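A.B. asks: Need coordinates for the below:
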Amino acid sequence: MLQMIQHLQQYFERAIEGSGADGVNTMELSGRAKINRLFHERFPYEIVKMEIDEKVLRKEIAFAIRNIHGIRVGLFTPDMAFEAIVKTQIGRLREPSLKCIDLVVQELTNVVRSVTEKM
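C.D. replies: Model prediction:
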């Protein structure tokens with residue numbers, strides 16, 4: 001049983017590296033190359049696809065700064081205003097990130113499936 005698990009681990013590593021039992025695939029991307037493409041091409045595409053209205057963002061920043069200052073007049077931007085705006089912007093990245101994670105999990109599942117079929 002232990003040897004089977006070790007063989008599975010070795011085959012999985014080779015498949016991820018792109019040098020599986022069948023040699024190097026010359027017809028399509030696989031393993032690490034496909035995951036790399038997801039992070040370097042697909043994820044940036046999903047982020048660029050998001051619509052960001054700069055006027056609305058500037059308005060949100062201005063309101064956050066004014067609300068934090070209250071009746072006082074401050075010279076510097078308060079940390080709380082910065083944190084509030086950054087949290088909302090990071091929250092907008094959640095959907096594209098989850099989409100990318102799903103694609104990576106799907107690719108890893110495909111690699112495991114192909115490795116176990118060859119055993």
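
A.B. asks: If you count neighbours, what's buried in the helix or strand of the chain with the lowest mean pLDDT?
C.D. replies: Lowest mean confidence among the helices and strands of the chain (mean pLDDT, DSSP states H and E): helix 54-69, at a mean of 80. By neighbour count on 16 or more other Cβ atoms under 10 Å, the buried set for helix 54-69 is 60, 64-65, 68. Backbone N, C-alpha and C define where each C-beta goes, glycine included.

A.B. asks: who does that helix touch, helix- and strand-wise?
C.D. replies: helix 79-92 (3 or more Cβ pairs under 8 Å, 6 or more residues apart in numbering; DSSP states H and E).

A.B. asks: Heading C-terminal from the helix it packs on, find the next helix or strand.
C.D. replies: Moving toward the C-terminus from helix 79-92, the next helix or strand (DSSP states H and E) is helix 94-118.

A.B. asks: which residues touch that following helix?
C.D. replies: The contact list for helix 94-118, computed with Cβ atoms under 8 Å, 6 or more residues apart in numbering, reads 8, 11-12, 15-16, 20-22, 30-31, 34-35, 38-39, 42-43, 46-47, 49-50.
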